[in-house]
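Trainee: the sequence and its predicted three-dimensional model are supplied below.
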Amino acid sequence: MSWIKEYVRTIPDYPHEGIMFRDVTTIFENTDAYPRMIHEFANFCQGKSIDKVAGIEARGFILGGAIAHELGIGFIPVRKQGKLPRNTYKEEYTLEYGQDALEIHTDAIREGENILMVDDLIATGGTAMAALNLIQKGGGRVANACFIIDLPELGGSKMLTQNGCSVFTLSSYEGL
Ligand code: AMP
């Protein structure tokens, strides 16, 4: 079993019946687990010539900022729509109920930059694919993505791989 699972708290039937919510705040608040996890993600990045880290709002910020700091590179926030103050690119995606959209600043990425994409968990991959498309719109390449948790049965990590993105996860759980 992955060491990180000891620090993930599972809340059954949140926010809906049948969902096992994987709460990672219990990793973030732990003085051993949080830096160890960031170090493992940073190790994965060694030798990959990554230019910037893009974190998906909001838990991706907590991970991505720390990884960028450890790698000594910049951080790009991938935000929910309407939050960024300058010109943005926008990408809509489908949620369980309805639609949402992510945005990045149009000048956040230089043409051809190699961007590491980061979020806490990958499920269907809808969020991550929207972020990937957004980064590509901005001129970046997403060759690598990191998540704490994979829910492989929902197919998101496979979809990213099929789109040319290598996926690194610290743990995987069966089911939703
Ligand atoms: P998806 O777009 O289906 O891959 O869902 C990924 C996003 O939804 C991530 O930002 C996660 O934080 C959140 N998410 C989806 N399923 C769960 C779950 N079981 N527990 C915690 N967060 C989840």
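Mentor: Ah, there it is.
Trainee: helices of this protein, start to end?
Mentor: Here the chain has its helices, by DSSP state H, at 25-28, 33-45, 59-71, 126-137, 156-162.
Trainee: distance from the chain centre to the fourth one, please.
Mentor: Taking Cα atoms, centre = their mean, to the nearest Å, the mean C-alpha location of helix 126-137 is offset from the chain mean by 10 Å.
Trainee: so what's T106 closest to, chain neighbours aside?
Mentor: N87 (4.5 Å; Cβ to Cβ, 6 or more residues apart in numbering). (Each C-beta comes from the backbone N, C-alpha and C, glycine too.)
Trainee: swap in P15?
Mentor: Once flanking residues are discounted, P15 sits nearest to F21: 6.9 Å by Cβ to Cβ, 6+ apart.
Trainee: beta partners for the one you found?
Mentor: I11 (DSSP bridges).
Trainee: residues in contact with it?
Mentor: Residues in contact with F21 (Cβ atoms under 8 Å, 6 or more residues apart in numbering) are T10, I11, P12, Y14, P15.
Trainee: from the ligand, how far off is the closest residue to the fourth one other than its chain neighbours?
Mentor: If I follow you right, that is Y14. For Y14, ignoring the flanking residues on the chain, the nearest one in space by Cβ to Cβ, 6+ apart is F21 at 4.1 Å. Distance of F21 to the ligand, given as Cβ to the nearest ligand atom, to the nearest Å: 4 Å.
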